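**Q** A predicted structure for the sequence below; I have some questions about it.
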Amino acid sequence: MQTGGHPPPQIVKGTKVKLIIATIKPFKLEEVREALTSIGVRGMMVTEIKGFGAQSGHTEIYRGAEYAVNFVPKIKLEIAVQSGMADQVVDTIAQTAKTGKIGDGKIFVLDLQQALRVRTGETNEDAL
């Protein structure tokens, strides 16, 4: 029994929204943002993170002593897009972020079960 307000959003099978999570080198952020904007991406979330993969950290010298740096600075992008646009977004990030050197990053694509624009209540593709 509902006591008012909006009905619960309907979850539709066969989602039409994808969430793309990418890690890139920090100095590539502005170039990637510009490339994504040029193909129609209207928003993204950006987080400064630290991580390691194949690089598995490196050593640095500080005040004459060598020490291991186990985590490397990265930028994490989170981008929700219509399913039909996901491949183009992935290709754009991959091409723009690539330096050809170790640590260029990773890209993950997930089905997004639901999206909701808080201000308007729009859901899924309309919320993007």
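**A** Perfect, I can see it now.
**Q** could you list every residue that touches the residue nearest to Ala94 when sequence neighbours are not counted?
**A** Spatial nearest neighbour of Ala94, excluding adjacent residues (Cβ to Cβ, 6 or more residues apart in numbering): Ile107 at 6.4 Å. In this view, the C-beta of every residue, glycine as well, is placed from N, C-alpha and C. Listed by Cβ atoms under 8 Å, 6 or more residues apart in numbering, the contact partners of Ile107 are Ile20, Ile21, Ala22, Thr23, Val90, Ile93, Ala94.
**Q** how far away is the residue nearest to the first one when sequence neighbours are not counted from Phe71?
**A** This points to Ile20. Excluding its sequence neighbours, the residue lying closest to Ile20 (Cβ to Cβ, 6+ apart) is Ile79, at 4.6 Å. Counting by Cβ to Cβ, to the nearest Å, the gap from Ile79 to Phe71 is 23 Å.
**Q** Of these two, which one has the most company?
**A** Ile79 (23 against 12; other Cβ atoms under 10 Å).
**Q** Right, I'll call it a day here.
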